[in-house]
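In: Curious how this folds, go ahead:
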Amino acid sequence: MKIKHVVIVVSVIGLVIFYYFINPKEVNFLPKCPLYSVTGFYCPGCGSQRATHHLLNFNIFGVLQQNVLYLISLLILGYHFVVTGINSLFKKNIYNYVYHPKTPLIILAIIVVFWILRNIPIYPFNLLAPN
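Out: Numbering: from 1, shown residues only. Predicted coordinates:
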């Protein structure tokens with residue numbers, strides 16, 4: 001294994017341990033969203049640090065409260081890795097819809113709609129804003 005791979009693996013393990021124990025809501029030294037800091041609008045990624053902490057502590061409801069799109073993106077990544085793994089391990093040819101030509105457009109549309117809806121300050125849209 002190359003030194004670069006070792007550094008990446010150690011860094012990922014370090015971040016996992018860090019976010020497992022540190023709740024970003026309770027500390028002030030982690031970076032804040034620059035878009036929210038400047039404009040007051042939530043970006044599609046706002047709440048992802050807190051969602052990571054909740055996910056590592058098996059609090060799925062906490063993940064959903066912080067960023068619904070975060071969980072959806074993890075499910076899409078999981079689907080991609082499962083299909084890719086099955087295809088390579090079992091020499092299958094299952095079609096991976098992540099590579100469909102329209103997938104990026106659909107994902108972009110979902111992100112933009114989510115971004116707009118989570119900034120509408122009335123119920124039920126305000127439920128999409130991070131806590």
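
In: so who does Leu128 touch?
Out: 68, 114, 117-118 (CB atoms under 8 Å, 6 or more residues apart in numbering). The way it works is simple: take the backbone N, C-alpha and C, and place the C-beta from them, glycine included.

In: Can you pull the poorly scored residue ranges out of this structure?
Out: Scanning the chain for pLDDT under 70 picks out the ranges 1.

In: quick one: the residue of it most remote from its centre and Tyr99, what's the gap?
Out: Distance from the centre of the chain peaks at Lys91, with 29.9 Å (CA atoms, centre = their mean). To Tyr99, Lys91 is 18 Å away according to CB to CB, to the nearest Å.

In: if you skip the residues just before and after it, what's nearest to Leu30?
Out: Pro24 (4.9 Å; CB to CB, 6 or more residues apart in numbering).

In: Can you give me the neighbour number for the one you found?
Out: Neighbourhood size, Pro24 [other CB atoms under 10 Å]: 21.

In: Identify all contacting residues around stretch 9-16.
Out: Against stretch 9-16 from outside (CB under 8 Å, 6+ apart): Leu56.
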